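Engineer: can you look at this prediction? I've put the sequence above it.
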Amino acid sequence: MIVVRNLTKVYGSGQPAVTDLSLEFKKGEFVVLLGPSGAGKSTLLRVLNYLVRPTAGEVIIDGHALGKLSPPELLRVRRGIGMIFQEFNLVGRLSVLTNVLCGRLGSTSFLRALSYTFTRLDYEAAGSALRRAGLTDEALYFRRADTLSGGQKQRVAVARMLVQAPRLILADEPIASLDVKMQATIMELISDIAAKDGITVIMSLHNVEAAKRYGTRIVCLSRGRMVFDGAPTALTQDVLGQVFDLDPAGTARADE
């Protein structure tokens, strides 16, 4: 479904954020990109749907080389890609329902999108998505998004992704801003959706236990390079030491 070939991304004149990455992601996989902050996980996710263009290399999704597509063609590919962010990326002044409906903007006419005018089917899809994300109290749908708790906001973000009917979910540290109980709730929710709908998930995490519990495959990044690609059961302490720069006792090494 997704092929990444010799991917490199450099911001300005700095060090590469990712260096010469080559990967393939199959339909239905739940892939966790594991590594510390600055490992290149977020950059790789953003390059996968060309929110950020690579410095070198290519991304191919369903046979489409994204770098060769016209803007309208790229938009059509992006309609099948749902994004979930660490900081939720909701519009605080808009209602919960309107934030979810924003997930339909990619398939809405320009004039309807400009005026936030949606069809009955759009509203039905938004209500269904909210219920599936665990938000069943309809009174909450009309509250401003900035009045919600962190867990509620992430559920709204999941619902917004669902109304796109995506074939691929890219999730960038979706549990990092949540408490421990809500982290498990959101991971179970995303995992259940992916399994039941046959959606491919590529998710960045730095939580090793969550990665091993929910991922069907783990790709470890360190300083922009891949150091492991395999099943969670094959992820050893030696690999984790390389990824998180730990000494044999499990303590972070001091910078040299």
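Structural biologist: Received the coordinates, thanks. Numbers count the residues shown, from 1 in each chain.
Engineer: how about the strands of the stretch 151-256 of the chain, start to end?
Structural biologist: Here the stretch 151-256 of the chain has its strands, by DSSP state E, counting those that start in this stretch, at 168-172, 200-205, 217-222, 225-230.
Engineer: can you pull up the most central residue in this protein?
Structural biologist: Residue closest to the average C-alpha location in the chain (C-alpha atoms, centre = their mean): A171, at 1.4 Å.
Engineer: dump the residue contacts of that one.
Structural biologist: 45, 83-84, 190, 201-204 (C-beta atoms under 8 Å, 6 or more residues apart in numbering). All C-beta spots, glycine's among them, are computed from the backbone N, C-alpha and C.
Engineer: repeat that for 7 Å
Structural biologist: Shown in contact with A171 (C-beta atoms under 7 Å, 6 or more residues apart in numbering): 84, 190, 201, 203.
Engineer: closest one to K212 out of the residues you listed, please.
Structural biologist: The closest of the contacts of A171 to K212 turns out to be M203 (C-beta to C-beta; 12.9 Å).
Engineer: returning to what we had before: distance to A56 and mean pLDDT added to the strands of the stretch 151-256 of the chain, as TSV?
Structural biologist: TSV is the format used below for the strands of the stretch 151-256 of the chain (distance: least, C-beta to C-beta, whole Å; pLDDT from 0 to 100):
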stretch	distance to A56	mean pLDDT
strand 168-172	21	95
strand 200-205	20	95
strand 217-222	17	95
strand 225-230	14	94
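Engineer: wait, which of these is closest to L97?
Structural biologist: Nearest to L97, of these and by C-beta to C-beta, is strand 168-172 at 21.5 Å.
Engineer: from the chain's centroid, how far away is the closest one?
Structural biologist: 2 Å (C-alpha atoms, centre = their mean, to the nearest Å).
Engineer: list every C-alpha atom in it, with coordinates, as CSV.
Structural biologist: What follows is strand 168-172 as a C-alpha-only set of coordinates in CSV (Å, rounded to 0.1, in the frame of the first residue of the first chain):
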residue,chain,number,x,y,z
LEU,A,168,-4.8,5.0,6.2
ILE,A,169,-4.4,6.6,9.7
LEU,A,170,-1.3,8.6,10.5
ALA,A,171,-1.2,9.3,14.3
ASP,A,172,1.5,11.5,15.8
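Engineer: strand partners of that strand, parallel vs antiparallel please.
Structural biologist: strand 81-84 (parallel), strand 200-205 (parallel) (DSSP bridges).
Engineer: what's the last one in contact with?
Structural biologist: Applying C-beta under 7 Å, 6+ apart, the set of residues contacting strand 200-205 from outside is 1, 25, 27-34, 41-42, 45, 48, 167-174, 190, 194, 211.
Engineer: of the residues you listed, just the buried ones, PyMOL syntax please.
Structural biologist: Under the burial definition 16 or more other C-beta atoms under 10 Å, those of the contacts of strand 200-205 that qualify are selected in PyMOL by:
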select buried, resi 25+29+30+31+32+33+34+41+42+45+48+167+168+169+170+171+172+173+174+190+194+211
